[in-house]
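K.L.:
Give me a 3D structure for the following:
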Amino acid sequence: MVGLLGSLVELNKAGLLDCILYLSGVSGSTWCMASLYQEPDWSTKLETVKDKIIKRLSGPGVSWGNAFAKLKKYYYGKDYFSLTDVWAAMFVTTYMKEIDEHTLTDKRYQLGKDPFPIYTVTDKQSKQKEGGDPWFEISPYEAGYSLTGAFVDTSSFGSQFENGSKKKQQPEMDMLYLQALCGSALAGEESKEFIWGKIQDFIKHLRPSKETIMFEEMKEDPNSPSVEKCYQVLLDLVDMNLCVLNDKDPSALDQSIRTNLNELAGGKSQLIFPTQKLNLADKEAAKLYMKQYTEDVCNYLSQFSLGRLDLFLSIFKCMALWIWGRNYNFLHRMTDENVPSGLLETEVRDYDDAGLLLNSPYISVLRKERNIDLIISLDFSEGDPFMTVREAAEMCKTLNISFPEVNIPTEDLEKPKDFYVFKGQNAPTVIHMPLFNVVNCGDEVEAWRNKYRTFQGPYSAEMITDLMEVAGKNIFNNREKLKEQIRAVVG
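P.N.:
Residues are numbered from 1 along each chain as shown. Have a look, this model is predicted:
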């Protein structure tokens, strides 16, 4: 997010921002885009907009109460709830320091002087299926599959369709949810321990007390079981999942859960647990055991009148099933031979961070209707700074999309420079600029990478300023080279 902001500021100073037709992003870059497009004609007043964004990012966060109120809004406001809703309300707000309830379609008529925004995610089921179309783009006008060319009006993305007809309108997603959808890098299963830990903090923070709304709602119900016991079961269930993820024996927690459930049921617990025994030596089997165990406990608790605790049970079920970005499929039961059959069959689709597949939005901008001449690839990836452009070239070869050949000098793999140009016959020119390189970081490329890891807390004001300066240097140092390449494609 910060890297893109710093780069755009320098592009503006170089007089190059107003010749950019599209601004497309994946993952954290979309967070920058969402902040920019809050302001109509942001590209004409970027210094002011930049200062406003940095002030917000360095300022106070969203309160727990407001974040939880937003989460409840998501939970009660639509048919499908997933970890993306949790990620949006409880986590993205801690980085973005705001709850942005604007929608993309609000911005349709404010795009006159700014590059056209394209947000990119991937279809999780298509990603796992050969011959699918995983690339899904969302703009102020349309949302859909970049390669297939199947789109729906953005205001209707997430609504229920059957054979091309809308059956049930769902609320249009807001910008907070869109940022969570695009920036859900934690949707990879290796993040489960981190997410469980955050949910544990979340439950402890919102555990009933006389001061909480949740407690007031529950104590009015004379038939409500012991709220304290329910919360203890959930906390034990979190700990049990964490134990299994870390190969530790969870038998004491298992016993505590059984005891509390039995007491909740007045000594008549009929909970049926997984029939197989937990085998920590077999990681896959242990994972399946905990999935079933978590579901069983949640299903059992759901029979009680638990008020707002139902929300927690839904979060736990989403954790067990690892559901991210679930929405109705607008292609459900359509018949169209040009659309991969897998996209037509299911009533729902799951969407996640495109960076988990390719950490750059090449496929969306390379739609043939866009007729792109020049791509400026600002690469903010961790690790190999050439992976995105190389993988894009390989994907395009497979998909018969024109793309230049990518050859990186061997000596640059460890010590990347700040400016690369790839050209090909009847293909767009690709300028590739790694964020950290030997020009702007000298011999400290690795130190800069370590300082700005993806999975860490929000950056301080000083870190934001330093990173913007480093990202800006890549543009500043290469202004004339950029102009030269733009002149070449115009010519």
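K.L.:
Tell me where the stretch 151-300 of the chain has helices.
P.N.:
175-182, 192-206, 213-219, 227-245, 251-264, 283-301 (DSSP state H, counting those that start in this stretch).
K.L.:
Now tabulate the ones you listed in CSV and tack on distance to Trp87.
P.N.:
To be clear about C-beta, it is placed using only N, CA and C from the backbone, and glycine gets the same treatment. As requested, these are arranged in CSV below (distance: least, CB to CB, whole Å):
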stretch, distance to Trp87
helix 175-182, 5
helix 192-206, 8
helix 213-219, 21
helix 227-245, 17
helix 251-264, 26
helix 283-301, 19
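K.L.:
Quickly compare those and say which is most buried.
P.N.:
Most buried of the helices of the stretch 151-300 of the chain by mean neighbour count (mean count of other CB atoms under 10 Å) is helix 175-182; its value is a mean of 27.
K.L.:
what helices or strands is it leaning on?
P.N.:
Judged by 3 or more CB pairs under 8 Å, 6 or more residues apart in numbering; DSSP states H and E, the packing partners of helix 175-182 are helix 28-36, helix 83-86, helix 93-96, strand 116-123, strand 348-353.
K.L.:
Return the alpha-carbon coordinates of the last one using CSV.
P.N.:
Listed next in CSV are the C-alpha coordinates belonging to strand 348-353 (Å, rounded to 0.1, in the frame of the first residue of the first chain):
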residue,chain,number,x,y,z
VAL,A,348,-21.5,-20.2,-4.5
ARG,A,349,-17.9,-19.3,-5.3
ASP,A,350,-15.1,-18.4,-2.9
TYR,A,351,-12.7,-15.5,-3.7
ASP,A,352,-9.3,-14.6,-2.2
ASP,A,353,-6.2,-12.6,-2.5
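K.L.:
Tell me which strands it pairs with, and in which orientation.
P.N.:
When pairing is defined by DSSP bridges, strand 348-353 lines up against strand 116-123 (antiparallel), strand 326-328 (antiparallel).
K.L.:
And the ones you listed: which comes nearest Pro416?
P.N.:
strand 116-123 (23.8 Å; CB to CB).
K.L.:
ok, residues contacting the helix or strand following that closest one?
P.N.:
Going down the chain from strand 116-123, the next helix or strand is helix 124-127, by DSSP states H and E. Outside helix 124-127, the residues that touch it by CB atoms under 8 Å, 6 or more residues apart in numbering are 132-134, 187, 324-325, 340, 342-343, 346, 349-352, 357.
K.L.:
Apply 6 Å and report the result again.
P.N.:
Gly132, Asp133, Pro134, Asp350, Asp352, Leu357 (CB atoms under 6 Å, 6 or more residues apart in numbering).
K.L.:
So, low pLDDT: which residues of this protein?
P.N.:
The chain contains residues with pLDDT under 70 at 208-225, 268-275, 305-308.
K.L.:
Break it down into its domains, please.
P.N.:
2-184+332-490, 186-321 (automatic domain parsing).
K.L.:
from those, which stretch is densest packed?
P.N.:
Stretch with highest mean neighbour count among these: domain 2-184+332-490 (a mean of 18; mean count of other CB under 10 Å).
K.L.:
Need the distance between the two termini of that domain.
P.N.:
Terminal residues of domain 2-184+332-490 lie 30 Å apart, using CA to CA, to the nearest Å.
K.L.:
what's the closest of the helices of the stretch 151-300 of the chain to Ile475?
P.N.:
helix 175-182 (23.4 Å).
K.L.:
of all the helices and strands packed on helix 175-182, which lies closest to Gly267?
P.N.:
helix 83-86 (34.2 Å).
K.L.:
Give me the contact list for the closest one.
P.N.:
Against helix 83-86 from outside (CB under 6 Å, 6+ apart): Tyr74, Ala180, Leu181, Ser184, Ile315, Cys318, Trp324, Gly325.
K.L.:
and the last one, how many neighbours does it have?
P.N.:
In this case it means Gly325. 27 (other CB atoms under 10 Å).
K.L.:
Okay, and the beta partners of the nearest residue to it once chain neighbours are set aside?
P.N.:
Closest residue to Gly325 apart from its sequence neighbours, by CB to CB, 6 or more residues apart in numbering: Tyr351 at 3.7 Å. In this entry, Tyr351 is beta-bridged to Asp123, by DSSP bridges.
K.L.:
quick one, what contacts Tyr351?
P.N.:
Val121, Leu181, Gly325.
K.L.:
wait, what's in contact with Ser377?
P.N.:
Contacts of Ser377 (CB under 6 Å, 6+ apart): His432.
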